[in-house]
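Trainee: Give me a 3D structure for the following:
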Amino acid sequence: MAGYRLLARIGEGGLGTVYLSHTPGGQPAALKVIRREYARDKEFRRRFQRDVRAARDVRGYHVVPIVGHDSTGDRPWLATAYVPGLSLDDALTAFGPLPLPAALQLTGCVAEGLRAVHAGGIVHRDLQPGNVLLSDDGPWLADFGIARAAESTRPTRGGGLITTPQYMSPEHANGDALTPASDIFSLGLLAAVVATGRHPYGELGPGGPISLATRIANTALRPPDLSGYPDLLRPVLERCLAADPADRPEPAELAGLCERAAGRPLRDVTDWLPEPLTAEIVRRAAAAQRPPEPESITLGDSAPDSAPDPSAEPAPGNLFGPVVSTWSNWGTATPDVPPVGGKYRQQTLLAIAGSVVALLLAVTLTFAFLRNGDHRPPPATPSPAPGTSRCCGTPVSPQGPAPSAPVPGTAG
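Mentor: The predicted model follows:
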């Protein structure tokens, strides 16, 4: 792998396997190897090469950089910088919502990261807690733009979910073309959950995350009720969650709104997180200085080409502490905390096996509901009509299972 030695397998998910490694210059890195089922797809390779080439040029504060890649070999791969810390997903599961000032500061910092990503001509497409990393020097945005290659080829593989339904924008849920404003909507959803633990579109319904995405898709007709959110946060949510993408703020404007509401400069990360969470980040950063002894690993040790078991849960004690840079489609590992993702992400896993059935059911129910009293049965094959949603036009997929290798930590 072009001078990248595989030290330990630290993650497994729908797109591939993550290995602890070092760059040829000796810097810690997370090396992500694409699954064979994608590697055999010429269209995926073409899109992967295009998207990684664009993403590798993105540099900025709060952005986890790509430090190497190869799309031409037998197994395409990319490597990202190693960020010791904790994923936001793990933090919410283990410690709950952040204090409001910290939530606002995190939102502003991620907006700054999006500013750099969008300046590179990239839409993240999967902005959710699994792709935000918490460290002692602030939050970091990871894995931007790469999901597009898998999204575009997934329909030829029998369907499935690639991005995270409960953090989609209305245009994403409806299968429309995405602009940078789509990421701003996702960031608004993330800000609400980070600050309060409550999703603006309510709890999951019988259809799981697909039902939540259906509500998001119908934002223009039924916007979320934001009256119960804190006064300082509500204006941010109202701007970010506008149904019309043109009404959402640019990343720089959003960063300014959050900085003023938080009452401190975004880059002042002194004691920016609660002490228990800071202590966990420090513990994991210390563990990064004591990596496990190198294992004898080859790519043949990777999981089989079949899709990972969505019901699998992390086994205790086999995880590697510091986060490398999480990618929900690669899977993450978390030491000493419950399964990754909080109540929303955990239930996402349950929805995947029946995603096609849930999709048809959600669209049918939406159509019937919006008829507002007309009890005639909906058509056997739902199709878009005025006031209805074709959610979800783009295949989406949640986090893969945690790795099986006995290594103490988190990967991305």
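Trainee: okay, CA-based contacts and neighbour counts for the rest of this
Mentor: Will do.
Trainee: Any regions of the stretch 1-150 of the chain where pLDDT drops low?
Mentor: In the predicted model, the stretch 1-150 of the chain carries pLDDT under 70 at residues 11, 13-14, 145-150.
Trainee: at 90 what do you get?
Mentor: Within the stretch 1-150 of the chain, the stretches with pLDDT under 90 are 1-32, 34-62, 64-76, 78-87, 120-122, 125-126, 130-131, 136, 142-150.
Trainee: Now do the helices in it.
Mentor: With DSSP state H, counting those that start in this stretch applied, the stretch 1-150 of the chain shows helices at 36-39, 42-55, 88-95, 100-119, 147-153, listed in chain order.
Trainee: Out of the ones you listed, which is the most enclosed?
Mentor: Stretch with highest mean neighbour count among those: helix 100-119 (a mean of 25; mean count of other CA atoms under 10 Å).
Trainee: Against which helices or strands is it packed?
Mentor: The elements that helix 100-119 packs onto, with contact taken as 3 or more CA pairs under 8 Å, 6 or more residues apart in numbering; DSSP states H and E, are strand 138-141, helix 180-196, helix 251-262.
Trainee: And the contacts of that helix?
Mentor: 55, 58-63, 123-124, 132, 138-141, 144, 180, 183-184, 187, 191, 194-195, 233, 251-252, 254-259, 261-264, 266-267, 272-273 (CA atoms under 8 Å, 6 or more residues apart in numbering).
Trainee: among these, which ones are buried?
Mentor: 55, 58-59, 61-63, 123-124, 132, 138-141, 144, 180, 183-184, 187, 191, 194-195, 233, 251-252, 254-259, 261-262, 264, 266-267, 272-273 (16 or more other CA atoms under 10 Å).
Trainee: quick revisit: got TSV for the helices of the stretch 1-150 of the chain, with distance to His199 too?
Mentor: Conversion of those to TSV gives the following (distance: least, CA to CA, whole Å):
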stretch	distance to His199
helix 36-39	33
helix 42-55	30
helix 88-95	13
helix 100-119	14
helix 147-153	23
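Trainee: Compare the ones you listed and report which one is nearest to Ala213.
Mentor: Of all those, helix 147-153 sits nearest to Ala213, with 16.6 Å by CA to CA.
Trainee: Mind giving me the packing neighbours of the helix or strand just after that closest one?
Mentor: Remark: after helix 147-153, the chain's next helix or strand is helix 170-173, criterion DSSP states H and E. On a contact count with 3+ CA pairs under 8 Å, 6+ apart, helix 170-173 meets helix 209-217.
Trainee: give me that answer again for 10 Å
Mentor: Contact analysis of helix 170-173 by 3 or more CA pairs under 10 Å, 6 or more residues apart in numbering; DSSP states H and E lists helix 180-196, helix 209-217 as its packing neighbours.
Trainee: can you list the domains in this protein?
Mentor: Listed domain ranges for the chain are 8-84+276-339, 91-275 (source: automatic domain parsing).
Trainee: Ala2: which of these is closest?
Mentor: domain 8-84+276-339 (7.9 Å).
Trainee: Just the terminal-to-terminal distance for stretch 131-139.
Mentor: The first residue of stretch 131-139 is 10 Å away from its last residue (CA to CA, to the nearest Å).
Trainee: Next: stretch 16-34.
Mentor: 4 Å.
Trainee: In that stretch, which residues are buried?
Mentor: Within stretch 16-34, the residues that qualify as buried by neighbour count (16+ other CA under 10 Å) are 16-23, 28-34.
Trainee: Tell me the one of those residues nearest Ser87?
Mentor: Lowest distance from Ser87 to those (CA to CA) belongs to Ala30, with 14.4 Å.
Trainee: now that closest one: how far from Asp137?
Mentor: Taking CA to CA as the criterion, Ala30 is separated from Asp137 by 19 Å.
Trainee: Kindly report the same for Leu7.
Mentor: Leu7 sits 26 Å away from Asp137, taking CA to CA as the criterion.
Trainee: Give me the more crowded residue out of these two.
Mentor: Leu7 (19 against 15; other CA atoms under 10 Å).
Trainee: Let me see the backbone angles for the closest residue to Val64 other than its chain neighbours.
Mentor: Once flanking residues are discounted, Val64 sits nearest to Ala142: 5.2 Å by CA to CA, 6 or more residues apart in numbering. For Ala142, the backbone dihedrals are phi -120, psi 160 (criterion: degrees, to the nearest 10).
Trainee: begin at 719 from here
Mentor: With the count now opening at 719, the last piece we talked about shows up as Ala860.
Trainee: Gly778 is in contact with Ala860, correct?
Mentor: No. With contact defined as CA atoms under 10 Å, Ala860 does not reach Gly778; the gap is 11.7 Å.
Trainee: ok, back up a step: looking at the helices of the stretch 719-868 of the chain, which is nearest to Leu944?
Mentor: Of these, nearest to Leu944 by CA to CA is helix 818-837, at 15.5 Å.
Trainee: so that closest one versus helix 898-914, what angle?
Mentor: With axes from the mean of the first three to the mean of the last three CA atoms, to 10 degrees as the basis, helix 818-837 and helix 898-914 are set at 160 degrees to each other.
Trainee: So which of the buried residues of stretch 734-752 sit within strands?
Mentor: Restricting the buried residues of stretch 734-752 to those inside strands, with DSSP state E as the criterion, leaves 734-740, 746-752.
Trainee: in the helix or strand containing Arg1001, what's buried?
Mentor: When secondary structure is defined using DSSP H and E, the element that contains Arg1001 is helix 993-1006. The neighbour-count criterion (16+ other CA under 10 Å) identifies Leu995, Thr996, Glu998, Ile999, Val1000, Arg1002, Ala1003, Ala1005, Ala1006 as the buried residues of helix 993-1006.
Trainee: Can you tell me the closest non-neighbouring residue to the second one?
Mentor: If the residues on either side of it in the chain are set aside, Thr996 comes closest to Asp854, at 7.1 Å by CA to CA, 6+ apart.
Trainee: Can you get me a residue count around that neighbour?
Mentor: Using other CA under 10 Å, the number of residues around Asp854 comes to 19.
Trainee: my read: it touches Pro992, true?
Mentor: No. With contact defined as CA under 10 Å, Asp854 and Pro992 do not form a contacting pair (11.4 Å).
Trainee: give me the low-pLDDT residue ranges for the stretch 919-1068 of the chain?
Mentor: Within the stretch 919-1068 of the chain, the ranges that satisfy pLDDT under 90 run 921-929, 1001-1068.
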